[in-house]
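Chemist: My questions are about this predicted structure, shown below with the sequence.
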Amino acid sequence: MIRRYDTTFIIDGTLSVDDREAVISTFTGSLEKHGGEIEQVIRWGTRTLTHEINKRNRGFYVILYYTADPSIIKTFEREMRINENILRYMTLIFDGTNPTYLTDERVKSESTYSSSKAAANASKTEEVTEVADAVSDDTEADTDIESSVDAADEDATETETADEPEAAVKEAVTEETAEETEEAAADDDSDKEDK
């Protein structure tokens, strides 16, 4: 029974690009030698590790998507465990969806990732079309709203002219209160001088 798997592994971050590519080709070759078929290799890139692994604080992440017989997984993982350039690895049964945050450091391959990207672009196109339709519907509604706003502005102008005498009264009261406060402060100062 053939299954789809994805194996994520971390290569020692201190290796040169050529050495790193040699490690990746070693493991892809190993899978193919045992009867697996590589669908996609994603070179996720160099990342800082959250904690040191084998006295290393940086690692290069690689994700392999492949189909294989379940019996070869144990052999494949044993080869990874023995290789000193592999800091960590994890194999999972592939559920058919790639995480949205996953991007290849190099050129993206032409397998499942490309088809999922095409599907994402198609859905974005649909969203843009829906937004454009909504905007045209909103434009008609905006015309009605603008006429309502103009009517409300005219009402507000009439109210402001009616409120002008009230504003003058409030201003006069504020001035009287300020004068009384100044007089009280002056009285307090004269009382202190008398003592």
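Modeler: Yes, it's here. Numbers count the residues shown, from 1 in each chain.

Chemist: for residue 4, what are its contacts?
Modeler: Contacts for residue 4 (Cβ atoms under 8 Å, 6 or more residues apart in numbering) come out as 39, 65, 66, 67, 93, 94, 96. No exception for glycine: its C-beta is placed from N, CA and C like everyone else's.

Chemist: Nearest to residue 1 among the residues you listed?
Modeler: Distance to residue 1 across these (Cβ to Cβ) is lowest for residue 67, with 10.7 Å.

Chemist: Phi, psi for the closest one please.
Modeler: The phi/psi pair for residue 67 (degrees, to the nearest 10) reads phi -110, psi 140.

Chemist: wait, doesn't it sit right on residue 40?
Modeler: No: shown here, residue 67 and residue 40 do not form a contact pair, counting by Cβ atoms under 8 Å, at 11.0 Å.

Chemist: The two: who's more crowded?
Modeler: Set residue 67 next to residue 40 and count neighbours by other Cβ atoms under 10 Å: residue 40 wins out with 18 against 15.

Chemist: any idea how far residue 93 is from residue 59?
Modeler: 24 Å (Cβ to Cβ, to the nearest Å).

Chemist: Considering the contacts of residue 4, which member attains the minimum pLDDT?
Modeler: The member of the contacts of residue 4 with the lowest pLDDT is residue 96, at 75.

Chemist: Show me the protein divided up by domain.
Modeler: For the chain, the structural domains run 3-107, 110-195, going by automatic domain parsing.

Chemist: Can you go through the contacts of residue 4 and name the buried ones?
Modeler: Listed as buried from the contacts of residue 4 are 39, 65, 66, 94; burial here means 16 or more other Cβ atoms under 10 Å.

Chemist: Format the residues you listed as TSV; extra columns: distance to residue 86 and secondary structure.
Modeler: Below are the buried ones among the contacts of residue 4 laid out as TSV (distance: Cβ to Cβ, whole Å; DSSP: H, G, I helix; E, B strand; the rest coil):
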residue	distance to residue 86	secondary structure
39	21	strand
65	18	strand
66	17	strand
94	20	coil
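
Chemist: now these in TSV, with distance to residue 21?
Modeler: Converted to TSV, the buried ones among the contacts of residue 4 look like this (distance: Cβ to Cβ, whole Å):
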residue	distance to residue 21
39	19
65	18
66	18
94	23
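
Chemist: which one of those is nearest residue 17?
Modeler: Distances from residue 17 to the buried ones among the contacts of residue 4, taken by Cβ to Cβ, are shortest for residue 65, at 22.1 Å.

Chemist: Go ahead and confirm that closest one touches residue 94.
Modeler: Yes: counting by Cβ under 8 Å, residue 65 does reach residue 94; the two are 6.1 Å apart.

Chemist: Need the overlap of contacts for these two.
Modeler: Common neighbours of residue 65 and residue 94 (Cβ under 8 Å, 6+ apart) are 4, 5, 6.

Chemist: could I get stretch 74-84 in CSV with only the CA atoms?
Modeler: What follows is stretch 74-84, C-alpha atoms only, in CSV (Å, rounded to 0.1, in the frame of the first residue of the first chain):
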residue,chain,number,x,y,z
LYS,A,74,11.9,2.9,9.1
THR,A,75,15.0,2.4,6.9
PHE,A,76,14.8,6.0,5.7
GLU,A,77,14.6,7.4,9.2
ARG,A,78,17.5,5.2,10.3
GLU,A,79,19.7,6.7,7.6
MET,A,80,18.7,10.2,8.9
ARG,A,81,19.4,9.3,12.5
ILE,A,82,23.0,8.1,11.6
ASN,A,83,23.9,11.1,9.5
GLU,A,84,25.7,13.6,11.7
